[in-house]
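**Student:** Return atomic coordinates for the entry below.
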Amino acid sequence: MKRFAYLPVAILSIAALVGACASMQQQGLDLVTRAVQASGGPVALGGVKTISQKGTVKQWEPEQSAAAGGEMRYASESTLTSVTDVASRTTRNDWVRNFQYPAPRTFTFSEVVSPEAGYVAGIDSNGRTKQSQESNPPAHTMSGLRMAAVQRELLRGSPLLVLEMFKNPASLAAVGDITVGGVAYPAVNYLAGDQTLTVMFDRTTGLPARIRTLDYDYVWGDVTYDLVLSDWQTVDGVRVAMTRKYELNGRVVMETKISEARLNAPLPADRLVIPAAYRAPARPAATGAVPYQWIIRRQFIGVYLDSDQPSYDTKASPGLRLVELGPGVQHQVGGSHHSLVVEMKDHVVVYDAPVSDWQANWVLSAVRAKYLRKPVKYLVLTHHHMDHTGGIRAYASEGATIVTGKGTAEHWKRVLAAPYTRNPDLAPKDLTRTPIVEVADKWVHSDGQREVHAYVLAPNPHAEGLMIGYIPAIRLGFVTDVWSPGAGALPDRLNPGLASVVAGVKKAGIAPLKFAGGHGSTADYAPLAALEGR
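**Tutor:** Numbering: from 1, shown residues only. From the prediction side, this is the model:
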């Protein structure tokens, strides 16, 4: 009988919980209903058949800065013409993108994205896939990863988002006030597929003010990514935000200014067509652990490799692999970014941790298999940029000491103190006690049998504190970005990056025969040195 005495209490508790959930859902619906009315009302929003917009886009990349933790790099300024057919949920973006970093260049291309397929006509990146290189004219099918990112951002930025939320009340839940910059916004979570958008509303107007996702960044771990909407204008009876800023952890990394917006303008029938040759191999939008920040921000600087594996083109490479460059020295290749692995007497030294913890875990697994579980004792980071350091946590989790260039140690202390609960490849762990060695000029490590070195290149045109590695026993150097050995023919004259390598080798007093690269493969050093003085 005692057991049944608790039954009414349990029933009441369940009823209270159900009631609270229903109340939260109703509060969310009330916020969305007000936003729909403020945006023009359900009739006006429901009557939108096409959306046409023109504007300019500016982008900045924080993790390609000249100094670690320093001023963001101005990446690009673009003009954008966008058209959407609401019924088919298909959008075409025509871009003219003028990049300033990593080198000035212009890409003119178009994207067409439907719920089932994505297509790029033209060259949109230096990181071209096999399909793009073999197509004439250049074109390629979007990867499932890019599809997921594009579809999420199109939904986030749509003036019809509030109407979609209104039509799907079961996917809504009020979450109370969220304070950003001293302003408290009433907010609601909206579940769209496997993505949650947190929409914060302006208390005065009822319009959406911020639309947030909780993303994972390979360097900064758990981050907020907000679309901030302002400068609202009425276009054919519907309110449209003409200024749209994107904030990463509160820092503006992208700003779109809409100069022209039209609703229900007729669209040519062929405007949104994806050619059959590119529609047939299309993959659906990826789900689960999509690296949104990598996908979005590598496009900021025009180097995104549009593949379903961030580390390599799945249509061109069999995957990552180790290539022996000498006794106990392996070059991890097979992808867009590479590491150097050096066996010592009772441990291993690795140069660079590129892309992600997934790639770092691959290298760690390969090291364990090849070197009888010798631990990685040192991770040497040639410089702080995100694409060569995204796997730092995997090495820190294994107990490695981080060796980094002058002026960067405090940056890595902050990075390793940041939470990373959304990391798909590592369980959270306290990494704040990770040993960090900052190299002022040179670093020499010996186990009594073999030495490994690192030298700061100062000055260089790429990043403060950038280092090259050197393995004296086989006269092999390791270099990232200022030279990509084997990636192409040398120029007739030294450019600033190559000049910094030659000057750094002379200053260090080393005599490399070859260099391996964080990009590319390997190349003899003598032809590069011979360019000096030309």
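**Student:** and the longest strand for this protein?
**Tutor:** In the chain, assigned by DSSP state E, the strand with the most residues is strand 221-235.
**Student:** which strands and helices sit next to that one?
**Tutor:** Strand 221-235 sits against strand 208-217, strand 238-248, strand 251-263, helix 292-300, with contacts defined as 3 or more C-beta pairs under 8 Å, 6 or more residues apart in numbering; DSSP states H and E. In short, each C-beta sits where N, CA and C put it, glycine included.
**Student:** At which residues are the strands of the stretch 351-500 of the chain located?
**Tutor:** Taking DSSP state E, counting those that start in this stretch, the strands of the stretch 351-500 of the chain run over residues 376-380, 401-405, 436-439, 442-446, 451-456, 467-471, 476-479.
**Student:** T106: which of those is closest?
**Tutor:** strand 476-479 (28.3 Å; C-beta to C-beta).
**Student:** residues in contact with that closest one?
**Tutor:** 325-326, 329, 340, 351-352, 382, 468-471, 485, 501, 505, 510, 512-518, 525 (C-beta atoms under 8 Å, 6 or more residues apart in numbering).
**Student:** Adjacent strands (with direction) for the longest strand of the chain?
**Tutor:** strand 208-217 (antiparallel), strand 238-248 (antiparallel) (DSSP bridges).
**Student:** Quick check: which of those is nearest to L457?
**Tutor:** Proximity to L457 (C-beta to C-beta) singles out strand 208-217 among the strands paired with strand 221-235, at 26.8 Å.
**Student:** With only the CA atoms kept, save that closest one in CSV.
**Tutor:** Presented in CSV, the C-alpha positions along strand 208-217 are these (Å, rounded to 0.1, in the frame of the first residue of the first chain):
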residue,chain,number,x,y,z
PRO,A,208,13.6,39.4,-34.4
ALA,A,209,16.8,41.1,-33.3
ARG,A,210,19.3,38.2,-33.0
ILE,A,211,19.3,34.7,-34.3
ARG,A,212,21.8,32.5,-32.5
THR,A,213,23.3,29.1,-33.0
LEU,A,214,25.7,27.3,-30.6
ASP,A,215,28.5,26.2,-32.8
TYR,A,216,31.9,24.5,-32.3
ASP,A,217,35.1,26.3,-33.4
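**Student:** so who does the closest residue to S307 other than its chain neighbours touch?
**Tutor:** Once flanking residues are discounted, S307 sits nearest to D313: 4.7 Å by C-beta to C-beta, 6 or more residues apart in numbering. For D313, the contact set (C-beta under 8 Å, 6+ apart) comprises T129, K130, L305, S307, S336.
**Student:** so what's the backbone phi/psi at D313?
**Tutor:** Main-chain dihedrals, D313, degrees, to the nearest 10: phi -80, psi 110.
**Student:** quick one: it from S336, how far?
**Tutor:** The gap separating D313 from S336 is 8 Å, by C-beta to C-beta, to the nearest Å.
**Student:** and for the two, which residues touch both?
**Tutor:** In contact with both D313 and S336: L305, using C-beta under 8 Å, 6+ apart.
**Student:** between the strands paired with strand 221-235, which one is nearest to Y395?
**Tutor:** Nearest of the strands paired with strand 221-235 (C-beta to C-beta): strand 208-217, 17.4 Å.
**Student:** Give me the distance from the closest one to the chain's centre.
**Tutor:** Distance, stretch centre to chain centre, for strand 208-217: 15 Å (C-alpha atoms, centre = their mean, to the nearest Å).
**Student:** cool, and stretch 458-474?
**Tutor:** Counting by C-alpha atoms, centre = their mean, stretch 458-474 comes out at 25 Å from the chain centroid.
**Student:** Go through it and flag the buried ones.
**Tutor:** Using 16 or more other C-beta atoms under 10 Å as the test for burial, stretch 458-474 gives 458, 460, 462-471, 474.
**Student:** just curious, which of the residues you listed is nearest to S171?
**Tutor:** Comparing the buried residues of stretch 458-474 against S171 with C-beta to C-beta places A463 closest, at 43.8 Å.
**Student:** Next one: the closest one, what pLDDT does it get?
**Tutor:** A463 carries a pLDDT value of 98.
**Student:** any idea how far the nearest residue to it once chain neighbours are set aside lies from A75?
**Tutor:** The shortest distance from A463 to any non-neighbouring residue, by C-beta to C-beta, 6+ apart, is to H383 (4.1 Å). Separation of H383 from A75 (C-beta to C-beta): 18 Å.
**Student:** ditto for E111
**Tutor:** Taken as C-beta to C-beta, the span from E111 to A75 is 18 Å.
**Student:** between those two, which one's more packed in?
**Tutor:** Under the criterion of other C-beta atoms under 10 Å, the comparison of E111 against A75 puts A75 first, with 23 against 19.
**Student:** hang on, isn't the more buried one packed against V57?
**Tutor:** No - judged on C-beta atoms under 8 Å, A75 makes no contact with V57 at a distance of 10.3 Å.
**Student:** List the contacts of Y119.
**Tutor:** By C-beta under 8 Å, 6+ apart, the residues touching Y119 are E111, V112, V113, A139, H140, T141, M142, I274, P275, Y278, R279, A282.
**Student:** so who does the first one touch?
**Tutor:** The one in question is E111. Shown in contact with E111 (C-beta under 8 Å, 6+ apart): T91, R92, N93, W95, G118, Y119, V120, D124, M142, V150.
**Student:** ok but it is inside a strand, no?
**Tutor:** Yes - per DSSP: H, G, I helix; E, B strand; the rest coil, E111 lies within a strand segment.
**Student:** how much space is there between it and D124?
**Tutor:** Going from E111 to D124 by C-beta to C-beta gives 8 Å.
**Student:** Common neighbours of the two, please.
**Tutor:** In terms of C-beta under 8 Å, 6+ apart, E111 and D124 are both contacted by the residues W95.
**Student:** follow-up on the earlier one: which among the contacts of D313 count as buried?
**Tutor:** So, of the contacts of D313, T129, L305, S307, S336 end up buried under the neighbour-count rule (16+ other C-beta under 10 Å).
**Student:** Dump these to CSV, plus secondary structure, distance to T81 and pLDDT.
**Tutor:** As requested, the buried ones among the contacts of D313 are arranged in CSV below (DSSP: H, G, I helix; E, B strand; the rest coil; distance: C-beta to C-beta, whole Å; pLDDT from 0 to 100):
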residue, secondary structure, distance to T81, pLDDT
T129, coil, 25, 97
L305, coil, 25, 98
S307, coil, 27, 97
S336, coil, 30, 97
